[in-house]
Structure formats: structure tokens, C-alpha cells
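Peer 1: the sequence isn't on hand, but the structure is:
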């Protein structure tokens, strides 16, 4: 006769995680701030100095801008098909040939313009990763008649609980005239707000649209968000696409705001997971988005979550 089965405490995600190895990896990779939040609970955080560290998040700001554009569309102030010329006039670039460029094409990197607003291709014909997306800041301030900082605080940062996040004017010569300065806690709070998707701050249908491939020209790109789990992807400056997912070790549904020198915000809706990383570049490459940091990080996180 056998006795009752012996059972221990239930195994839950992260319950057996030892983060010491991850912390060593983060430190060696030049990280200054790192935060993992799942279902609204802080799972782990690591800081080189302290939790107040903040910096320009580089191109990760694109995804935050996408949230603001989604709010403007939800409020009926603009549509995806709105011509940029109809909002700003035809003088927003000296190169001309802008009458067919739409809000959607700025969101999907298919405007046909390069960083200097020179025409590379007809609108919608090619995927060109460039700073032209920043024209959306002018679109927002023009259609609302409000300063960007006031608009962003009201529409997103304050309701999300991201008190130190702020857009600011960059010195001349940058890739975009506007920058976003934020702490890791600001980014994870914004990510958590995306997960809860409570109107009017975040429209659930906008998240569904933003997190889906926006163009066949790059399956791994949504509305200024990078998408994992697709059959192929193209990176900034690459002439050819690569096969396979963007970050093989990450959850298939992962979306990411990726900035130069490895400023990162990752979100998995399926897992309720938000991860942020700020710091110096984590690898020798000088890349505006993905680097050799992302996949090893996610291999470690997935192993720790299932430990």
C-alpha cells in the first residue's frame, strides 16, 4: 500500500531563479539599469548606480511615439491615410514629392525618404529605416495645437506612472530633432500600460494593429515596433532580409522598442512580461536596433523564468 504523494510548494515562474549570472552578464555588457516586470510585479532589477538612472533611449522612442499617434487616431484627429501635406503643408521638406506620403507610411518606414529627406523611392515602394518618422511629432503638435511635452504627459506619461519620462529638443546634428529621456522604471510602466490597454490612454485595437506586420517589405516591423516570431526580418541599412525570427530565444509574441547602443523595451502580452534595459552599448557593433546582446539576454531570461 502506498502513502499519499509527497508534494512541495507549487512551482511558479521565477520561483527557482538565481539572478547572479544574469547580473554579471548585464554588468559586463555595459548596462546601467535593468528591470523585469511580470503581471505588474517587479521580478528583478539591477542598477550600476541607482534606480534613478535615466538617459536618451534613442530609437526606442519611436514605439512610444506610436502610442501617441494611436491616441490621436482614436480621438478622430487624424487617420492612417491622412496626407502629411494636408496637415503640415507642402513645405516640410525642401525636396518636394511629398504629396503622397501618409501617416501610415511614416509609421511603417515606407515614406521613401532618407534621413536628409531626400527621395529614395516612391512612397510605399520600399522599406527605408530613417529619421523621417520624427515628422509625426510635428503632425501631433499641429493637429492638437499643444506642445509635445504637455501632450505626452497628459496622454501617456502621467497616466502610465512614468514621472521622469520626457521628450526634449536634441542638439542639432542628431538623427531626429526630438529625443526621449527616461528611466528603466518609466519604460516598464509604459510597457505595463500597453499590456492593460485601457482606453483612452491605450486603444486595444491600436495595439493589435501596431503589433502586427505593417508591410510585406519587412515582416518584423509594425507601427514603429519591432516584432519577433516572423518568418523573416530586415534590419536598418540591410539590403536583404534574413530568414527566421528577430530574437530566436525570446517569446514568439515579443515586441520591442529598440534603440541605438542597446536601449531596450521588450513586451510579451502572452506572458504579461515587460523588460527594460538602459546603458552603454552592450556589444562592439554600433547599430540602431538589434545587436548581439538581445538573443543571449533572452536565453537567460527564459531559463530563469522556468527554473
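Peer 2: Cool, the structure landed. Since the model is a prediction, treat every value here as computed from it, not as a measurement.
Peer 1: do you know how far the residue positioned nearest the centre of the chain is from residue 199?
Peer 2: The centre of the chain sits closest to residue 257, judged by CA atoms, centre = their mean, with a distance of 1.8 Å. Look at residue 257 and residue 199: by CB to CB, to the nearest Å, they are 21 Å apart. In short, each C-beta sits where N, CA and C put it, glycine included.
Peer 1: contacts only, for residue 186.
Peer 2: 54, 157, 162, 163, 164, 165 (CB atoms under 8 Å, 6 or more residues apart in numbering).
Peer 1: could you point out which element follows whatever helix or strand it lives in?
Peer 2: Using DSSP states H and E, the element containing residue 186 is helix 184-196. Stepping forward along the backbone from helix 184-196, the first helix or strand reached (DSSP H and E) is helix 204-210.
Peer 1: compute the first-to-last residue distance for stretch 12-26.
Peer 2: Taking CA to CA, to the nearest Å, the first and last residues of stretch 12-26 lie 24 Å apart.
Peer 1: list the buried residues in the helix holding residue 186.
Peer 2: Judged by neighbour count using 16 or more other CB atoms under 10 Å, the buried positions of helix 184-196 are 184, 185, 186, 187, 188, 189, 190, 191, 192, 193, 194, 195.
Peer 1: need those in a markdown table with distance to residue 153 and pLDDT, can you?
Peer 2: Formatted as a markdown table, the buried residues of helix 184-196 follow (distance: CB to CB, whole Å; pLDDT from 0 to 100):
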| residue | distance to residue 153 | pLDDT |
| --- | --- | --- |
| 184 | 19 | 98 |
| 185 | 16 | 98 |
| 186 | 12 | 98 |
| 187 | 16 | 98 |
| 188 | 18 | 98 |
| 189 | 13 | 98 |
| 190 | 12 | 98 |
| 191 | 18 | 98 |
| 192 | 17 | 98 |
| 193 | 14 | 98 |
| 194 | 17 | 98 |
| 195 | 21 | 97 |
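Peer 1: now, the most widely separated pair of those residues?
Peer 2: Greatest spacing in the buried residues of helix 184-196, by CB to CB: 184 and 195 (16.4 Å).
Peer 1: in the chain, which spans are strands?
Peer 2: 31-38, 41-47, 54-56, 166-169, 178-183, 226-227, 232-233, 242-243, 255-259, 263-268, 273-279 (DSSP state E).
Peer 1: quick one on the thing from earlier: what is the residue nearest to the centre of the chain paired to in the beta sheet?
Peer 2: residue 265 (DSSP bridges).
Peer 1: list the contacts of residue 35.
Peer 2: 42, 44, 45, 184, 185, 187, 188, 275, 276.
Peer 1: identify, from the residues you listed, the entry nearest to residue 128.
Peer 2: So of the contacts of residue 35, ranked by how close each gets to residue 128 (CB to CB), first place is residue 187, at 26.5 Å.
Peer 1: what pairs with the closest residue to the closest one other than its chain neighbours across the strands?
Peer 2: Nearest residue to residue 187 in three dimensions, chain neighbours excluded: residue 276, at 3.8 Å (CB to CB, 6 or more residues apart in numbering). Beta bridges link residue 276 to residue 35, residue 265 when assigned by DSSP bridges.
Peer 1: how about residue 141: what's its closest non-neighbour residue?
Peer 2: residue 148 is the one closest to residue 141 (CB to CB, 6+ apart), at 5.5 Å.
Peer 1: I figured the one you found hits residue 138, correct?
Peer 2: No - Residue 148 sits out of contact with residue 138 when judged by CB atoms under 8 Å, with a separation of 9.2 Å.
Peer 1: who has more neighbours out of the two?
Peer 2: The neighbour count for residue 148 versus residue 138, taken as other CB atoms under 10 Å, is higher for residue 148 (19 against 16).
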